[in-house]
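[1] I'll drop the sequence and a predicted model, then ask my questions.
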Amino acid sequence: MSRVVITDLALLVTVDDADTILTDRTVTVDDGVITAVEPASSPHDADHGSAERIDGRGKLLMPGLVNLHTHLPMTLLRGLAEDVDLQGFLARVWKAEGAVMDPDTVELGATLGALESLLGGCTTQLDMYFHHEATHRGAVAAGSRHVIGPVFFEGPGPDGLEWSARLAGLRAWPAALDEIGGPAVPVSVMPHATYTCPPEGFAEVVAVLREVIAESGRPGLLTTHVSENEAENAGIRERYDATPTELLHRSGWVERDLPLVLGHGVHLGEGDRALLAEGTVAVGHCPGSNLKLASGALNWTSLRDSGIRLGIGTDGCSSSNDLDMWQAMRQAALLARLTSGRPDVASAHEVLRAATIEGARALGLGAEIGSVEVGKRADLVLLDLRAPHLTPVHDVAALLVFAAGRGDVTDVLVDGEVVVRDRRSTRVDTPALLARAAERGALARAAAEEVS
């Protein structure tokens, strides 16, 4: 049995249903499961024996952050599509991807993105990228709980695959997940968007996913981009006389028994929200990307009032330039208050929950991760509170959302394994990875310059 003991914690932020915050605690993890949360002076200390120990003095323990919409391999494309809107960004990036992002490069970029995420306290990512098996291998190598699946395009897409090959990849995905390994995740399927896939394709994909779920016994997940900017909505209205959400609804995507995560959802109208409320639906809100591409401002209150779950995402590094979930939390709270004119909208407690337990529930993983509770898997993050910007502590949630940052993260566990210790990865040879990433990044820049 493997055991990790985190001793003498100053603060424990559970993010349980009561938002319980505890002081002076020791947490025990056995074989990846949280088995005890006890007073720091517990008489059971002697039972820990040869356990791996983490000194929690002066530190805060909380659940790992859940990034509900990102594209990890695009770390290699950071800064190659500046000062453009969504459509301009896609036109520039897709050509560079087709020229450079082969499976080996994608795997490298995913490891780099997962490393950035883990060092910043983000333990789970809902990722979307082609060459999904290579992407998954790269992220799992760094230690992430990585949720991904086949990406679908109507045409060949940057990876050159036809629709039939993508369907074959979906049918083979459960076996590939077993082969690659890593923390447990759902079988996911990821048509890129309603402007890159036809409605009949969406219907076919969900039908095949249901077959795969039945055959494999694994839980499933649907995700796609929806209503990121007004031009997207207008283009779909012109082609189909419908909104993107209406197309998804007609295609069998909005159901109670199958989780659906929508990337962005900035321009969801009242009718869209009513349709989505019929299913088990969450929106991966990416405020940084939406602000940078001038896509618009998501209406936090309208989505919440409609019964749609909200999680936080960073989007990819080529549109937001960053995988910093702390920054994304802060942006989400501030943007919601600015656009509503109300300082009580998107409270720190709400935003913290959106980035942890609500993100986990959106993925169908809420019973496993997203809070610090006995019986759950140990996806945990420690922050050092001994810093000027974190002293003194009055409102803990506000401290985390409005003051803390990824530089405060010292240690990270995923599925009970310590994957970051003393601010360093325990799995990745970081200097070697950075050297390879710099080399491949130079090729990506050259490709982008050729198509600009």
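    Cool, got the structure.
[2] low-scoring stretches of the stretch 151-300 of the chain, by residue?
    The model of the stretch 151-300 of the chain has no residue with pLDDT under 70.
[3] Break down it into its helices, ranges please.
    Here the stretch 151-300 of the chain has its helices, by DSSP state H, counting those that start in this stretch, at 163-180, 199-216, 230-240, 244-250, 270-276, 287-292, 300-305.
[4] would you list those helices in TSV and tack on mean neighbour count and distance to residue 96?
    All C-beta spots, glycine's among them, are computed from the backbone N, C-alpha and C. Formatted as TSV, those follow (neighbours: other C-beta atoms under 10 Å; distance: least, C-beta to C-beta, whole Å):
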stretch	mean neighbour count	distance to residue 96
helix 163-180	16	21
helix 199-216	16	25
helix 230-240	16	21
helix 244-250	22	26
helix 270-276	18	32
helix 287-292	23	18
helix 300-305	17	33
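[5] would you turn those helices into CSV with distance to residue 375?
    Below are the helices of the stretch 151-300 of the chain laid out as CSV (distance: least, C-beta to C-beta, whole Å):
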stretch, distance to residue 375
helix 163-180, 24
helix 199-216, 25
helix 230-240, 42
helix 244-250, 35
helix 270-276, 31
helix 287-292, 33
helix 300-305, 28
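[6] Looking at those helices, which is nearest to residue 19?
    helix 300-305 (16.6 Å; C-beta to C-beta).
[7] Quick check: phi and psi on residue 328?
    Here is the backbone geometry of residue 328 (degrees, to the nearest 10): phi -60, psi -40.
[8] before we move on, back to that, quick one: which of the helices of the stretch 151-300 of the chain is nearest residue 80?
    Residue 80 sits nearest to helix 287-292 of all these, at 13.5 Å, using C-beta to C-beta.
[9] Could you name the helices and strands sitting against the closest one?
    Where contact means 3 or more C-beta pairs under 8 Å, 6 or more residues apart in numbering; DSSP states H and E, helix 287-292 is packed against helix 325-340.
[10] what helices or strands is the helix it packs on leaning on?
    With contacts defined as 3+ C-beta pairs under 8 Å, 6+ apart, helix 325-340 has these neighbours: strand 65-70, helix 287-292, helix 300-305, strand 309-312, helix 348-354, helix 396-402.
[11] hmm, 10 Å instead?
    When contacts are defined as 3 or more C-beta pairs under 10 Å, 6 or more residues apart in numbering; DSSP states H and E, helix 325-340 sits against strand 65-70, strand 122-127, strand 281-285, helix 287-292, helix 300-305, strand 309-312, helix 348-354, helix 396-402.
[12] Give the next helix or strand downstream of the first one.
    Where DSSP states H and E defines the elements, the next helix or strand beyond strand 65-70 is helix 86-100.
[13] now that following helix, how far from the centre of its chain.
    Relative to its chain's centre, helix 86-100 lies at 22 Å (C-alpha atoms, centre = their mean, to the nearest Å).
[14] Residue 351: neighbour count?
    The tally of other residues near residue 351 (other C-beta atoms under 10 Å) stands at 28.
[15] Touching, it and residue 332? I think so.
    Yes: with contact defined as C-beta atoms under 10 Å, residue 351 reaches residue 332; the gap is 5.6 Å.
[16] Give me the common contacts of those two.
    285, 300, 310, 312, 401 (C-beta atoms under 10 Å, 6 or more residues apart in numbering).
[17] Contacts only, for residue 292.
    Counting by C-beta under 10 Å, 6+ apart, residue 292 touches 82-85, 89, 286, 315, 319-322.
[18] now swap in residue 346 and tell me
    By C-beta under 10 Å, 6+ apart, the contact list for residue 346 reads 285, 300-301, 304, 310, 329, 332-337, 340, 354, 401.
[19] returning to what we had before: which one of the helices of the stretch 151-300 of the chain lies nearest to residue 439?
    With respect to residue 439, and counting by C-beta to C-beta, the nearest of the helices of the stretch 151-300 of the chain is helix 163-180 at 24.9 Å.
[20] Give me the distance from the closest one to the chain's centre.
    Per C-alpha atoms, centre = their mean, the centroid offset for helix 163-180 relative to its chain is 21 Å.
[21] Specify the angle between it and helix 199-216 in degrees.
    Inter-element angle recorded for helix 163-180 and helix 199-216: 30 degrees (by axes from the mean of the first three to the mean of the last three C-alpha atoms, to 10 degrees).
[22] and the shared contacts of residue 351 and residue 332 as a markdown table, adding distance to residue 446?
    Below are those laid out as a markdown table (distance: C-beta to C-beta, whole Å):
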| residue | distance to residue 446 |
| --- | --- |
| 285 | 34 |
| 300 | 41 |
| 310 | 39 |
| 312 | 34 |
| 401 | 40 |
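[23] Can you tell me which of those lies closest to residue 18?
    Taking C-beta to C-beta as the measure, residue 18 lies nearest residue 401 of the shared contacts of residue 351 and residue 332, at 18.5 Å.
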